[in-house]
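Novice: When you get a sec, could you give me coordinates for this:
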Amino acid sequence: MTADKFGFDSIYIQAKKWNTDTVVSRPEIQKFLGALVGQGATKGVFITTAKFSSGAYEYAKKQLNTKIVLIDGVRLTNLMIEYNLGVSVIESYEIKRIDYDFFNEDI
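Specialist: Numbering: from 1, shown residues only. Coordinates of the predicted model:
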């Protein structure tokens, strides 16, 4: 089976839309971990439009049997832009310069 960008072959996702000033703390990640274990899953992604506390990141990172990736609002926005997901390109610009290697006299 082919793995994705995070190294998962089966992804369990929880996505929550909260205010951007909300901080998601460790108890929410513990609940998510419980849901993963209940499904027999070992890998999951928790996505939120809010922020994660340092305790949430530490808790997710120290799990030995379950890999949890936390994606906060800023990272979600960057991924949306990188992969053109949920966004529309309005304008695009290309800036070019002369490739002097192309015009090298030795050729």
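Novice: Counting residues, name the longest helix you see in the chain.
Specialist: helix 26-38 (DSSP state H).
Novice: What are the buried residues along that helix?
Specialist: Neighbour counts over helix 26-38 (16 or more other Cβ atoms under 10 Å) mark 26, 28-29, 32-33, 36 as buried. To be clear about C-beta, it is placed using only N, CA and C from the backbone, and glycine gets the same treatment.
Novice: gap between the two ends of stretch 13-29?
Specialist: End-to-end distance of stretch 13-29 (Cα to Cα, to the nearest Å): 12 Å.
Novice: could you give the mean pLDDT of that stretch?
Specialist: What stretch 13-29 shows for mean pLDDT is 95.
Novice: who does the host helix or strand of Ile47 touch, helix- and strand-wise?
Specialist: Applying DSSP states H and E as the criterion places Ile47 in strand 43-48. The helices and strands touching strand 43-48, judged by 3 or more Cβ pairs under 8 Å, 6 or more residues apart in numbering; DSSP states H and E, are strand 12-16, helix 26-38, strand 67-71, helix 73-82.
Novice: With distance to Ala50 added, can I get these in JSON lines?
Specialist: JSON lines is the format used below for those (distance: least, Cβ to Cβ, whole Å):
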{"stretch": "strand 12-16", "distance to Ala50": "8"}
{"stretch": "helix 26-38", "distance to Ala50": "10"}
{"stretch": "strand 67-71", "distance to Ala50": "11"}
{"stretch": "helix 73-82", "distance to Ala50": "6"}
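Novice: For Glu91, list the residues it contacts.
Specialist: Applying Cβ atoms under 8 Å, 6 or more residues apart in numbering to Glu91 gives no contacts.
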